[in-house]
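Asker: structure for this input, please:
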Amino acid sequence: MAAPRVHTGLLYTTAAKGRAGRRDRRALRAAARTLTAHGSERPGAAGNDETTKADRPALVPRLGEHRPEALRALRRLRLPAHRATSDVLAGAYPFLAEAGLGEAGVFIGQDAWSGAGFCFDPWVLYQDGVLTNPNCLLAGAVGKGKSCLAKSIATRSIALGRRIYVPGDPKGEWTAVAARVGGATIALGPGTGNRLNPLDPGPRHPGIAEDEWAEMVATRRRTLLGSLAESALGRALTAVEHTALDCALTGTVTADPTPTLPRVVDRLLRPTAEDCGAGRDGGQDTAELARDGRELAHALRRLVAGDLAGLFDGPSTVTFEPSLPMVTLDLSRIHGSDQLTAMVMTCASAWMEAALTDPNAGARWIIYDEAWRLIRQPALLARMQAEWKLSRGYGIANLLIIHRLSDLDAVGDASSSTRATANGLLADCATKIIYQQEPGETTGAARRLGLTSTEQAQLPDLRQGEGLWHVGQRAFIVRHLATDNELDLFNTNQRMALEVRKLDENLTVSAGT
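Answerer: Below is the predicted model of the structure:
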């Protein structure tokens, strides 16, 4: 049998000799012609063709190099045009972050979104138009670092020339801080021997005329007594009670250039014929004044002969020095109801008011720690509202520290003016710092603060020391950075840690025996 013949043909070829290779070579030749055309326009380019070819760059084909593992594209990438607002684009491109609030002010920590340093100063931001007012709100669950942040802001602001006033420190945590920065602490309560006269006129501002100063002092005293009376009674004063109180104050100031609360109480219980023009047209007799002011007098007597005896029942034994970098009022020795604390805070804040309202005293922080106990008292809340409204004129920035936003729901009835005043304090804070909230508080906090869904989703996941800063219309996630010395000074868990160590030691001894 004849040998079989084998018929073969070219079934496969290399990539360089196939259709794709021819397409790539055509593209290279076209690019070479383009480069040659451009190169011939240069002086001296024509006549040195070999040099031009040697200097010619190697071009990659449009779809990539045709070789193994070259990640060639199946077809050309064509993206449709897209148009969006800057807010949408900021979320669509997460690797782009804004520059922050600038480098002016107090260094707080790190911006978690951009990794850059975060600085904050309400006076600078107000001057630049970023904020509408310098007041701040700080809210966060227990143990999440809000007290450490407040103390860092306070102590670091001193380096910028700010002064710090803490008109009420219910737990005494600011005493060590004030001592470290060269400030002073005024402790009130049993065993301290300190006494404040809330009717003191305070330091007189330079440039104020005698008549204007006398009117300011009279208004301050009248407002203070009205606030104390409403706190003691738990209700608003009636018209006749206002008259009786004004008459008693006027008679006390007339008889004694240094009026005190005990003398006012005595005038309420035993008014004289000279009090408030008694016996003249439009006046009242002493019996009517005594009857109208009897309940009011017994309510105020608590400040001079009740559980607050010895604190406000005579001339002041301590002085307030507004030039110090930090002044705090330690109320940790005063135990009782929130109403009692609010009354003490009212007296203390009135005693400091002359320094707080001095427009020439420079920038000052007024820090209300544990404010959830204070906003429940209508009289003190009204005084705080006045400071919030006039903060820009006085050059002060108020810092309100609470645990959660739902604390405002405990202020009065839902339709009461007290609730509206408390919500007004929140609205008058252009800077809102929210630390981690409990899951049940997230929705309410977002509703009260007007947070977006993205900002709301961040609240439950914030770690200790992280907070959502809502500054004007801008939001940041900031990690507070504190030094070791600051952590040792600001630690609010020292008592708890000491008790845990004692318990461990007792358990060890018991196990050994």
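Asker: residue ranges for the strands of this protein, please.
Answerer: Listed in chain order, the strands of the chain (DSSP state E) span 106-111, 117-120, 136-139, 163-169, 184-187, 326-330, 364-368, 396-402, 431-434, 466-471, 474-480.
Asker: so which of those comes closest to Thr421?
Answerer: Evaluated with CB to CB, those place strand 396-402 nearest to Thr421, the distance being 12.9 Å. All C-beta atoms are positioned from the backbone trio N, CA, C, and that covers glycine.
Asker: state the mean pLDDT of the closest one.
Answerer: Averaging pLDDT along strand 396-402 gives 89.
Asker: contacts for it, please.
Answerer: Under the contact criterion CB atoms under 8 Å, 6 or more residues apart in numbering, strand 396-402 has outside partners 122-123, 134-139, 146-147, 150, 153, 356, 363-372, 375, 384, 387-388, 391, 425, 429.
Asker: let's have the strands of the chain in a markdown table, adding distance to Arg78.
Answerer: Formatted as a markdown table, those follow (distance: least, CB to CB, whole Å):
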| stretch | distance to Arg78 |
| --- | --- |
| strand 106-111 | 37 |
| strand 117-120 | 41 |
| strand 136-139 | 50 |
| strand 163-169 | 61 |
| strand 184-187 | 71 |
| strand 326-330 | 64 |
| strand 364-368 | 58 |
| strand 396-402 | 54 |
| strand 431-434 | 44 |
| strand 466-471 | 40 |
| strand 474-480 | 36 |
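Asker: among those, which is nearest Arg220?
Answerer: That would be strand 163-169 among the strands of the chain, by CB to CB, at 14.8 Å.
Asker: neighbouring strands - and their directions - for that closest one?
Answerer: strand 326-330 (parallel), strand 364-368 (parallel) (DSSP bridges).
Asker: okay if I get those strands as a markdown table plus mean pLDDT, mean neighbour count and distance to Arg222?
Answerer: Formatted as a markdown table, the strands paired with strand 163-169 follow (pLDDT from 0 to 100; neighbours: other CB atoms under 10 Å; distance: least, CB to CB, whole Å):
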| stretch | mean pLDDT | mean neighbour count | distance to Arg222 |
| --- | --- | --- | --- |
| strand 326-330 | 89 | 25 | 23 |
| strand 364-368 | 90 | 23 | 22 |
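Asker: dump the ones you listed to JSON lines, plus distance to Phe320.
Answerer: Below are the strands paired with strand 163-169 laid out as JSON lines (distance: least, CB to CB, whole Å):
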{"stretch": "strand 326-330", "distance to Phe320": "7"}
{"stretch": "strand 364-368", "distance to Phe320": "13"}
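Asker: looking at those strands, which is nearest to Pro167?
Answerer: Across the strands paired with strand 163-169, closest to Pro167 is strand 326-330 (CB to CB), at 5.8 Å.
Asker: so which of the strands of the chain gets nearest Thr258?
Answerer: Short answer: strand 184-187, nearest of those by CB to CB, at 19.5 Å.
Asker: residue ranges of the helices in the stretch 101-250 of the chain, please?
Answerer: 122-127, 146-158, 175-180, 210-233, 239-255 (DSSP state H, counting those that start in this stretch).
Asker: winner for burial among the ones you listed?
Answerer: helix 146-158 (a mean of 22; mean count of other CB atoms under 10 Å).
Asker: okay then, goodbye and thanks.
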